[in-house]
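Engineer: I need the structure of the sequence given here:
(one chain, ligands or ions: 1)
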Amino acid sequence: MQSTHKLKIGALSALVVGSMVGGGIFSLPQNMAVSASAGAILIGWGITGVGMLALAFLFQSLAIRKPELDGGIYVYAKAGFGDYMGFSSAWGYWISAWLGNVSYFVLLFSTLGFFFPVFGDGNTLAAIIGSSVLLWGVHFLVLQGIREAAFINLITTIAKIVPLILFIIITAVAFQADIFTQDFWGDTSLELGSVADQVRNMMLVTVWVFIGIEGASIYSARAERRRDVGRATVVGFLGVLLLLVLVNVLSMGVMTQAELAGLSNPSMAGVLERAVGRWGVVLISIGLIISLTGALLSWTLLCAEILYVSARDHTMPALLRKENRKQVPANALWLSNGLIQIFLIITLFNEATYLNLFYLATAMILLPYFWSAAYALMLSLRGETYEGKPYERQRDMFIALVATLYAIWLIYAGGAQYVLLSALLYAPGALLFAKAKREQGVAVFTYIEKLIFLGVLLGAAMAIYGLYAGLLTL
Ligand SMILES: NC(=[NH2+])NCCC[C@H](N)C(=O)O
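Structural biologist: Predicted coordinates:
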């Protein structure tokens, strides 16, 4: 985005919304209903609202306080906690980004499955072939130098919001209070467990739909007036929260928890079909296809960008900063899309679903979020960038504390399975880290980093054993 055109608050807020709304919201009714009842869902959104708002403010305040650290969120981990944490943060964020794209492909073909049954839930042989063709199509377009234009972003944002608003209006009319309150705490359902368990189990879904929040602050540079940045963040954040909660809650007044849990994705389509018939499926499918096309392109660009930027500051090995004649970081793009291809094939053999895939993508982003929050907390404790403004320092400290606690809670809520699987995905990064260090001719790990790495290896070994013994699944 190299345009110098300055943006007003409306356009800025739309960009903030656009950076968060991708595919997640379209499947929300089913994704939430599989783990939680209406009551637990309301509690869960309460926690999410507070925690995510803290994260939104945190990224914004970091962007203002540390404008020199503008390479993406890994820079915070690196500045605060050393090279290996910085590397891991970039690595985890990058894996999350491309795994998210794997889940997008599955969701896209699952949508086409409504019309062409060969695609099933997006993980059939036909769907994986279709996904692969699309993947390499996008790959070669990007290699040719395709970029995103801010105004296209704006148009797709509007195009995807319209079906969401229509959905909200229609389901608000169709809403039946007795469906919503029936089994409010889920105590007649044996699978759901206690209310606390239900809240815990739905947490990764709520994070997934907010991913992108860390990128909203990059629009600061384009604001006509600086104070609009903060306002746009809040307006955009509240807009997204409102959309998510309404879509989720209103669905629970149209179908029961058990019915919702049994829908195929994108489940908004099934809910709308119940309310208005077949054209509901068509409407949601069109909205989703527009939304996913935009999101796929921007996350593909971002995958390459993450590696490229971190290779430029020697966090990643030098080969990842190589550009082609169109100034596209080609190696970074090949590596990202190559891994997406491998995971598409794993998806086929594992019969992994959209839900499994985005759970893993979400688990991988928790550490980068945590390190950013911990870094902000450290800054405000040190107090270095708050000359003469104790009020700002206290405010930031409070925000950072809430965000740090929230990140810890999310790692706990994700559960041991995802901690181990993440360790398995984090461990091989050490090879690239070691290469980057050797290119600079310095020692790979410090003493503490060595201990941390051993811990990661241990987790990875447990994950391999768990997968082998069938105790863990993707
Ligand atoms: N490809 C990705 N990594 N996407 C992550 C963004 C997820 C986004 N919040 C959504 O709901 O779709």
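Engineer: residue numbers of the stretch 151-300 of the chain in contact with the ligand?
Structural biologist: 208, 209, 210, 211, 212, 295, 299 (Cβ under 6 Å from any ligand atom). Glycine gets a C-beta too; all of them are placed from N, C-alpha and C.
Engineer: which of these tops the neighbour count?
Structural biologist: Per-residue neighbour counts (other Cβ atoms under 10 Å) across those peak at residue 209, which has 29 neighbours.
Engineer: residues in contact with that one?
Structural biologist: Residue 209 sits next to 20, 24, 25, 28, 240, 244 when contact means Cβ atoms under 8 Å, 6 or more residues apart in numbering.
Engineer: coming back round to it: which among the residues of the stretch 151-300 of the chain next to the ligand gets closest to residue 68?
Structural biologist: residue 212 (23.5 Å; Cβ to Cβ).
Engineer: can you redo the residues of the stretch 151-300 of the chain next to the ligand as a markdown table with secondary structure?
Structural biologist: Below are those laid out as a markdown table (DSSP: H, G, I helix; E, B strand; the rest coil):
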| residue | secondary structure |
| --- | --- |
| 208 | helix |
| 209 | helix |
| 210 | helix |
| 211 | coil |
| 212 | coil |
| 295 | helix |
| 299 | helix |
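Engineer: now do the strands in the stretch 351-474 of the chain.
Structural biologist: Secondary structure of the stretch 351-474 of the chain, counting by DSSP state E, counting those that start in this stretch: no strands present.
Engineer: flag every residue of it that's near the ligand.
Structural biologist: residue 361.
Engineer: flag the shaky bits of the stretch 351-474 of the chain, pLDDT-wise.
Structural biologist: Regions of the stretch 351-474 of the chain meeting the criterion pLDDT under 70 are absent.
Engineer: please enumerate the helices of it.
Structural biologist: 354-382, 390-414, 416-426, 429-439, 447-468 (DSSP state H, counting those that start in this stretch).
Engineer: would you mind measuring from the closest residue to the ligand within the stretch 301-450 of the chain to residue 430?
Structural biologist: The nearest approach of the stretch 301-450 of the chain to the ligand comes at residue 361, 5.6 Å away (Cβ to the nearest ligand atom). For residue 361, the distance to residue 430 equals 21 Å [Cβ to Cβ, to the nearest Å].
Engineer: okay, those two: which has more neighbours?
Structural biologist: residue 361 (23 against 19).
Engineer: give the contact list for the more buried one.
Structural biologist: 95, 96, 97, 99, 100, 102, 103, 208, 211.
Engineer: could you redo the last one with a cut-off of 10 Å?
Structural biologist: Shown in contact with residue 361 (Cβ atoms under 10 Å, 6 or more residues apart in numbering): 95-104, 204, 207-208, 211.
Engineer: is it possible to get a markdown table of the residues of the stretch 151-300 of the chain next to the ligand that adds pLDDT and distance to residue 258?
Structural biologist: Putting those into a markdown table (pLDDT from 0 to 100; distance: Cβ to Cβ, whole Å) gives the following:
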| residue | pLDDT | distance to residue 258 |
| --- | --- | --- |
| 208 | 97 | 23 |
| 209 | 97 | 22 |
| 210 | 95 | 27 |
| 211 | 96 | 28 |
| 212 | 91 | 31 |
| 295 | 91 | 30 |
| 299 | 92 | 33 |
